[in-house]
Every structure is written in structure tokens, then in C-alpha cells.
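Asks: I would like the atomic coordinates for the input below:
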Amino acid sequence: MINRLIEWSLRNRFLVVCGVFFLIAFGTRAVFRTPVDAIPDLSENQVIVFADWAGRSPQEVEDQVTYPLSVGLQGLAGVKTVRANSMFGFAMLTIIFEERVDNYFARTRVLERLNLLAAQLPAGVVPQLGPDATGLGWVYQYYLHVDPTLAHSPAHTNSASQLSTLNSQPSYDLGQLRALQDWFIRYQLNAVQGVAEVASIGGFVRQYQIEVSSLKMRARKVTLKDVMDAVGASNLNVGGKVIEENGMEFVVRGLGLVKSLADLENIVLMERGGIPIYLRDIATVQIGGDFRRGTLDVDGREVVGGIVVMRNGENALATINRVKEKIRQIQPSLPPGVTIKSFYDRAELIDRTIDTLKHALAEEIILVTLAHIIFLWHFRSILIVTVPLPLSILVSFILMEKFGISSNIMSLSGIAIAIGVLVDAGIVMTENVIRHCERAEEEKRQKVISGGVISNQSASAGVADASQTATTPLSTNSLITNHSSRLTAEETLAVVLTSAQQVGRPIFFAMIIIILAFLPVFALSGQEGKLFHPLAFTKTFAMIGSTILAVTIVPALCSLLVRGPFHSEDRNWVMRALLAIYDPVLDWALRWRKTVMACAALLLSFALLIAFGIPRPAMLWLAKLEERGRPRPQERAA
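Replies: Here you go, the predicted model:
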């Protein structure tokens, strides 16, 4: 089959070249459509559920919220386990599903079950789903930087800003910055394609705070329930239908939303003897920060920031770029002196990962070029062995897109590891073709010298007897023109067919053996499998592409580009020096083959002893990943 494929490729070189152009087109399309990320997603197939119950102890949250939810969610189809945490006023449950379960299907089932369990929970407790993101969804983080010189300068104004209250301030406190983040920036970034959530962190959540005095309440006979009912009833708008007058309808509304501290202070709680009791009579009203459990600081300075969480299955690099573009768009709308600065950007690690593959590809092409120049002295053959290298990588990207494998540090490492092997098949076949063409041309030169006329048939037969043909002395080469001693196109095609079929099957099965060597990696499961499967897949994809190209495009290119003059190994001083070293070593190894085999067995036994028999110190499962990005902010408990 391999020989027939080689023969078909040589007989249909035009179709093979057209196929290469189609491969380039589809491969380039796959490169831009394949999702790009830093590392494989090792997180489990999970759905997160939150439930708030303000002011309750962890024990109460565990008994009345966490336990009913965890028991009710365990019966869902495909659930492996349910992990639950109960904290002060807060419960979080992580439902782990089987890997075969679609994440959005799992979220739908969890949401349906939460609707049924709502009746078993205390009043006011409403469980909600977490964002549709994975453990690696944290792709970008920023903070709001305030320039003191601009913030205090009255000359810098921004009439286009939507936050006039901030623009009127000479400087901004953490509460104002948190309001800017919560009510403006967060909503803008949430609308970006691929973003699942923008979580605010740092600063204070501004709120109206009513601090009641128990003594004043007792003196005026006002209960806490009276205060809560009055405040709730006074902070709303009501409708009164419409009034028709002069053929027109007027909408009747009652506007009662609280807009300032004065509105709160003037709320009437009740009346005693015709005298109203206002909220200000029994309480102090102020604007303050909500209770918080942590802070965010950069270089020892507390700041306000946000965390961009990517949606499950999205392209990390594309999502980050869209977030950056959105930040550039909203920057002019921010108050004067406030800028959005990034201190964690996964795109930096992604770009370095891609650069690694680019450098490996460029280095391999340079090394292959130098090897051909040094050992073969045939410059046109350089193109033959370098063309399959990028084509094999394009094949890998096409299959990556087909199987849903993202471009990350592991999948691209598989391609980088395979680069050294991808050119081997082309090098072996090209070198064999060049040597056969060299010998066939030498035989033709001998026949021309002797006055014979060589035909296409004799050229083909001469390939088989090339090893028995004597070389022509250099002194007689000057008597023969290049035109008479060079191989014709038909003769070259016949020689290429014979020499390619000679090594085609060994090349094919050698590459298959290398591919099969990675089968144990596919047997890994869990996080190990998620980490190393992309590497094994991409290396296999690239080698499959290289194997197919070695028996199709390489013979076709050989028939088009392999032309004389050829330089024999005897005229290459590098080859002469290497053969002078290699031949005695080979003769010694063949003469003392039992000793050589015994030494090899001894080395193998020693390697097995090191691997399994000698106790070793504790080792890391993986080396530490140094992202070398901007320093991460400090997030600490308050």
C-alpha cells in the first residue's frame, strides 16, 4: 500500500501540490480558530451554588441551609460528589459531575433542583448558581489607580463622564472608587463576549447606615420593627393609575425613593398626640461602608479592583484582548485622575508560550538547513525537508480544532517535542533519493564516456546495479558536457520512484512505532490525564501528518527539485572525517558484539535500579510554573 501511494503521488504531482495548498488554507484557518490558553484546564466538571443568610452563625448555616441543599443535590444524575462549606452568614456548595456530563446540562439540572429545595430553606435565603466558569477562569485582574496630581487639579474636568458626583470631588475615597467599579466599570466589562463574571474586590460598598439609640426608642416607645417598617414603606415609588382631563391622560405616581441623608432623617415613624416622630429623633443616619472580610492592596496601598472570570470553553486570549479593548473604550468616561491598570494578565504567559513554538520551529529549520549544506551540498533539497515541517504543524492544528483541544503550554509543547522527529522521515527519503540519483548519474557518465547511449530503461536498471559501478576519474569529467551526463526528467522520476519505495515502508512503520510509544500517556486519567493528554494528542497529530507527507509530498518534491550536480561523500571532508571515526567503531562493535550487548544490558539494569530500586527524596509532580508577569496584589483578611 505504501509503495502504491508513493507511485500515485509521483504520477499525480499536480494533485499533490494542489492538496498542499488546500492544507495550508485549512491549516491557517484552524490556527486562528483554535482556542488559546496558558495551560490545560485541570479543574473538575463542577457547578457552584451560593446561599446568603446574613448574621447567622456557621452552625445555623450548616443545619438549615447547607445540609438540606447538599442532601437534595446528591441525587442528581451524573453527580460524583457534593462538597459544602458553611461560614458566617454564607454557604457554598460545589457539585462535582462526571466528565461525560455537559456543563450546561448540569447547571440546568442543579437549577431545577434548587427551585424544589427553596421551600425547605429559611425565609429570605435564595440559593443561586455561580458563574459558568472553571477553576482557571481567572484570566485578568485590574485595579483603579488615582493620580494625586490630576485628582487635585481643578483644571482637569470631564463633562462627558456619567458619574457627575465623582467628578465634582477633588479626590476619591475607597467607597467612591468601589461605587465606580460596581455601578459603571463592572457592567461595561460584563457585557464583553466570553466574560462570565466581573467580581469586585477591595474598598467599601457604600450604604446608608441607621444607628438607633435604644434609650431614645424607649423614651418614645418606638420598637425596632416600627423603624424597619417605616423605612421600608418610605423608600418606594407607587402608582395611582391615570387621570383624564381635557382629552389627555396624566399618570399619577408617588415618588418616595430615598436620595439623600435628609430624606432618611425626615422619615416619619409614627405620631404621638399629633406630633410626628422622625427617624432623626431616635437614630443617627450616615453613609458608611458595608462589613467586609478582606482587603486588596498594591505596594502597601489599599486599592479597589476587579477580577475578570472567563466563561467555560471560551478562547482565553481572545477574551482578554476584548476586555482590554473595552477598557480602552471606557477610559475616557472615567472621572479625572482615575485610570484602570492591569497587574495580572494571562495573555503575557500565552504569548510566551506561542513564542516558544515559533522559536523551536525557526531553530529546527535552521539546523536542518545547516545539516543539508554540510553533509549533502545540495541546496534545492533543503526545501524538500523543510516544507513538511510547517505542514505537519498545520495538520496538528486542524485535528486540534476538530477534537476541541486548545493551544496551551502543554499542547504546543507536544508539537515542539515532535519537531525534531518531523523532519527525520523527509531527511531519510531525500538523502536516499540524492544518493541514488548521484549513482545513476555517475553510471550514465560512465556510459557516455564509453560511447554508449543510455535510455530511460537502462537508467532504471542502472539504479539497481549502482553499487557495483565504478566511479569515473575526475580527470575525465572535463571531456563530458553536463548536458550529456545529467539525468533527464523521466530518468529522475524513475530513480525517485525506486529509491522512495526502497525506504518508504521502513519510514512509515518507524514513525508508527514512535506514535505508539505515547499510548501509555492516553491511559492517564484524572488531573494527570487532563494535563498530559493535550501533549500526547498534538505530538501524535503532528507525527501522523509528517508520516503521510513523507510518502506523498516528499517524493513529489524530490522528483521536481532533485537535480545535479551531485557531490559524492568522498569529496566532502566532513563526511570523510566522520566516516574515519565511525568505521573503526562499527568494526570493533561487530567484532566484540557480545561485549557490547553485555554492556548495554548492564546499563539497562543500572537505569532500572535507579528508577525503581533506590529510595529517592520526595519529588514534585510538576516543576513550579513561573509566569514572570506583573506582581500579583496582596489579598489579605481584614
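Asks: all strands of the stretch 101-250 of the chain, in order?
Replies: The residue ranges that make up the strands of the stretch 101-250 of the chain, judged by DSSP state E, counting those that start in this stretch, are 128-129, 138-146, 195-201, 206-212, 238-245, 248-254.
Asks: With mean pLDDT and mean neighbour count as added columns, please give these in TSV.
Replies: Bear in mind the C-beta positions are built from the backbone N, C-alpha and C, glycine included. Output for the strands of the stretch 101-250 of the chain, formatted as TSV (pLDDT from 0 to 100; neighbours: other Cβ atoms under 10 Å):
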stretch	mean pLDDT	mean neighbour count
strand 128-129	92	12
strand 138-146	92	22
strand 195-201	92	19
strand 206-212	90	14
strand 238-245	87	9
strand 248-254	90	10
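Asks: Throw those into JSON lines and include distance to Gly526, thanks.
Replies: Formatted as JSON lines, these follow (distance: least, Cβ to Cβ, whole Å):
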{"stretch": "strand 128-129", "distance to Gly526": "25"}
{"stretch": "strand 138-146", "distance to Gly526": "22"}
{"stretch": "strand 195-201", "distance to Gly526": "25"}
{"stretch": "strand 206-212", "distance to Gly526": "45"}
{"stretch": "strand 238-245", "distance to Gly526": "58"}
{"stretch": "strand 248-254", "distance to Gly526": "60"}
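Asks: Looking at those strands, which is nearest to Gly313?
Replies: Set against Gly313 and scored by Cβ to Cβ, these come closest in strand 195-201, at 10.3 Å.
Asks: Among the strands of the stretch 101-250 of the chain, which comes closest to Leu349?
Replies: When the strands of the stretch 101-250 of the chain are compared for distance to Leu349 using Cβ to Cβ, the nearest one is strand 138-146, at 10.2 Å.
Asks: for that closest one, packing partners?
Replies: Using 3 or more Cβ pairs under 8 Å, 6 or more residues apart in numbering; DSSP states H and E, the elements in contact with strand 138-146 are helix 174-180, strand 305-310, helix 316-330, strand 338-345, helix 346-375.
Asks: For Gly232, find the nearest of these.
Replies: Go through these one by one with Cβ to Cβ and the one that ends up closest to Gly232 is helix 174-180, at 22.8 Å.
Asks: which residues touch that closest one?
Replies: Among residues not part of helix 174-180, those counted as contacts by Cβ atoms under 8 Å, 6 or more residues apart in numbering are 144, 146, 163, 166, 169, 172, 200, 202-206, 287, 289, 302-304, 334-335, 338.
Asks: Give me the buried subset of the residues you listed.
Replies: In terms of neighbour count (16 or more other Cβ atoms under 10 Å), the buried residues within these are 144, 146, 163, 166, 172, 200, 202-204, 206, 303-304, 334-335, 338.
Asks: ok, which pair from those residues is furthest apart?
Replies: Farthest pair in the buried ones among the contacts of helix 174-180 (Cβ to Cβ) is Phe204 and Leu334. Separation: 19.0 Å.
Asks: sorry, back to before: so which of the strands of the stretch 101-250 of the chain is nearest Ala577?
Replies: Within the strands of the stretch 101-250 of the chain, the stretch nearest Ala577 is strand 138-146; the backing value is 54.2 Å (Cβ to Cβ).
Asks: what about the closest one, distance to the chain center?
Replies: Distance of strand 138-146 from its chain centroid, counting by Cα atoms, centre = their mean, to the nearest Å, is 20 Å.
Asks: Quick one: work out the angle between it and helix 316-330.
Replies: If you take axes from the mean of the first three to the mean of the last three Cα atoms, to 10 degrees, strand 138-146 sits at 20 degrees to helix 316-330.
Asks: Given strand 138-146, what are its sheet partners and their directions?
Replies: For strand 138-146, the pairing partners within the sheet under DSSP bridges are strand 305-310 (antiparallel), strand 338-345 (antiparallel).
Asks: could you give the angle of the shortest one to helix 346-375?
Replies: For the pair strand 305-310 and helix 346-375, the angle between their directions (the same axes, to 10 degrees) equals 60 degrees.
Asks: Could you do the last one as well?
Replies: Between the axes of strand 338-345 and helix 346-375, defined by the same axes, to 10 degrees, the angle is 50 degrees.
Asks: Next, the buried residues of stretch 264-273.
Replies: Of the residues in stretch 264-273, those buried by neighbour count under the rule 16+ other Cβ under 10 Å are Leu264, Ile267, Leu269.
Asks: Can you name the residues that contact Trp138?
Replies: For Trp138, counting by Cβ under 8 Å, 6+ apart, the contacting residues are Ile307, Val308, Val309, Met310, Tyr344.
Asks: so how far is Asn312 from it?
Replies: Remark: distance between Trp138 and Asn312 (Cβ to Cβ, to the nearest Å) = 13 Å.
Asks: Same question for Phe612.
Replies: Taking Cβ to Cβ as the measure, Phe612 falls 40 Å from Asn312.
Asks: now do Leu261
Replies: In this structure, Leu261 and Asn312 are 44 Å apart, going by Cβ to Cβ.
Asks: Between those two, which has more neighbouring residues?
Replies: In this comparison of Leu261 against Asn312, neighbours counted by other Cβ atoms under 10 Å, the higher total goes to Asn312 at 18 against 13.
Asks: which SSE is the residue nearest to Met511 when sequence neighbours are not counted in?
Replies: Spatial nearest neighbour of Met511, chain neighbours left out: Thr547 (4.2 Å); criterion: Cβ to Cβ, 6 or more residues apart in numbering. Applying DSSP states H and E as the criterion places Thr547 in helix 526-550.
Asks: chain center to that helix: distance?
Replies: 16 Å.
Asks: How about it, which residues are buried there?
Replies: With burial defined by 16+ other Cβ under 10 Å, the residues of helix 526-550 counted as buried are 529-550.
Asks: give the contact list for Ser200.
Replies: Neighbouring residues of Ser200 by Cβ under 8 Å, 6+ apart: Arg178, Gln181, Asp182, Arg186, Val304, Gly305, Gly306.
Asks: Distance to Leu255 and pLDDT for the residues you listed - can I get that in JSON lines?
Replies: As requested, the contacts of Ser200 are exported to JSON lines (distance: Cβ to Cβ, whole Å; pLDDT from 0 to 100):
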{"residue": "Arg178", "distance to Leu255": "27", "pLDDT": "91"}
{"residue": "Gln181", "distance to Leu255": "29", "pLDDT": "92"}
{"residue": "Asp182", "distance to Leu255": "25", "pLDDT": "92"}
{"residue": "Arg186", "distance to Leu255": "28", "pLDDT": "94"}
{"residue": "Val304", "distance to Leu255": "32", "pLDDT": "93"}
{"residue": "Gly305", "distance to Leu255": "36", "pLDDT": "93"}
{"residue": "Gly306", "distance to Leu255": "33", "pLDDT": "94"}
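Asks: farthest pair in those residues?
Replies: By the measure Cβ to Cβ, Asp182 and Gly305 form the most distant pair in the contacts of Ser200, at 11.8 Å.
Asks: re earlier: so the residue nearest to Met511 makes contact with Ala425?
Replies: Yes: with contacts defined as Cβ atoms under 8 Å, Thr547 counts as touching Ala425 at a distance of 6.6 Å.
Asks: anything in contact with each of the two?
Replies: Ile507, Met511.
Asks: Now the strand or helix carrying Ile48 - C-alpha only, CSV.
Replies: In this assignment (DSSP H and E), Ile48 forms part of strand 46-52. Extracted in CSV, the C-alpha atoms of strand 46-52 (Å, rounded to 0.1, in the frame of the first residue of the first chain):
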residue,chain,number,x,y,z
GLN,A,46,-18.4,21.4,38.6
VAL,A,47,-21.3,23.7,39.4
ILE,A,48,-21.1,26.1,42.3
VAL,A,49,-24.0,27.2,44.5
PHE,A,50,-24.0,30.1,46.8
ALA,A,51,-26.5,30.9,49.6
ASP,A,52,-26.5,34.0,51.9
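Asks: For stretch 29-44, the averaged confidence score.
Replies: Here stretch 29-44 scores 87 as its mean pLDDT.
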